[in-house]
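**Student:** Give me the fold of what follows.
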Amino acid sequence: MSLEAAAFVAVALIGLVALFQVGLAAGAPWGKAAWGGRNEGTLPKRLRIASGFSVLFLFLAAWVILATAGLVATSPVPVSWLPPITWALAAYFALGAVMNLISPSRVERLWAPISLIIAVSAGIVAAG
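**Tutor:** Just a heads-up that it's a prediction; the model follows:
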């Protein structure tokens with residue numbers, strides 16, 4: 001997979017996760033599919049706030065990946081920091097895949113392959 005294709009795959013899937021988190025923050029009844037799957041229906045306020053903050057994190061992650069791949073003209077961090085941060089993002093999403101896999105919620109486990117694909121794609125970009 002090319003560096004550009006890997007970046008686009010990662011960013012597209014990060015966008016999907018971000019949309020899901022926006023829904024959670026807005027009160028969508030998807031609690032079983034997130035945050036350990038311990039909340040049926042709408043998340044409690046503290047987790048809705050956390051979902052809102054995660055959208056910002058995901059936006060920055062996507063921006064870093066695009067900047068590392070050379071697909072955007074600006075970077076949210078100094079350019080020399082991009083590869084190590086992108087490796088950290090790959091590790092973060094790999095850990096996320098593991099956490100999704102061990103979740104007690106069957107629905108949340110469906111996120112594992114998405115997190116793993118983001119991790120691998122970010123790793124390709126970081127190695128590029």
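
**Student:** Now do Val77: how many residues are near it, please.
**Tutor:** Neighbour count of Val77, defined by other Cβ atoms under 10 Å: 13. Where you see a C-beta, it was placed from the backbone N, CA and C, and this is true even at glycine.

**Student:** Quickly find the element holding the residue lying closest to it once chain neighbours are set aside.
**Tutor:** Nearest non-adjacent residue to Val77, counting by Cβ to Cβ, 6 or more residues apart in numbering: Ile85, 6.2 Å away. Using DSSP states H and E, the element containing Ile85 is helix 82-101.

**Student:** so the residue nearest to Val77 makes contact with Pro76?
**Tutor:** No - taking contacts as Cβ atoms under 8 Å, Ile85 lies outside contact range of Pro76: 9.1 Å.

**Student:** Between the two, which contacts overlap?
**Tutor:** Residues touching both Ile85 and Pro76 (Cβ atoms under 8 Å, 6 or more residues apart in numbering): Val64.

**Student:** Looking only at neighbour counts, state which of the two leads.
**Tutor:** Using other Cβ under 10 Å as the criterion, Ile85 and Pro76 rank with Ile85 on top: 21 against 14.

**Student:** show me the contacts for that one.
**Tutor:** Contacts of Ile85 (Cβ under 8 Å, 6+ apart): Val64, Thr68, Val77.
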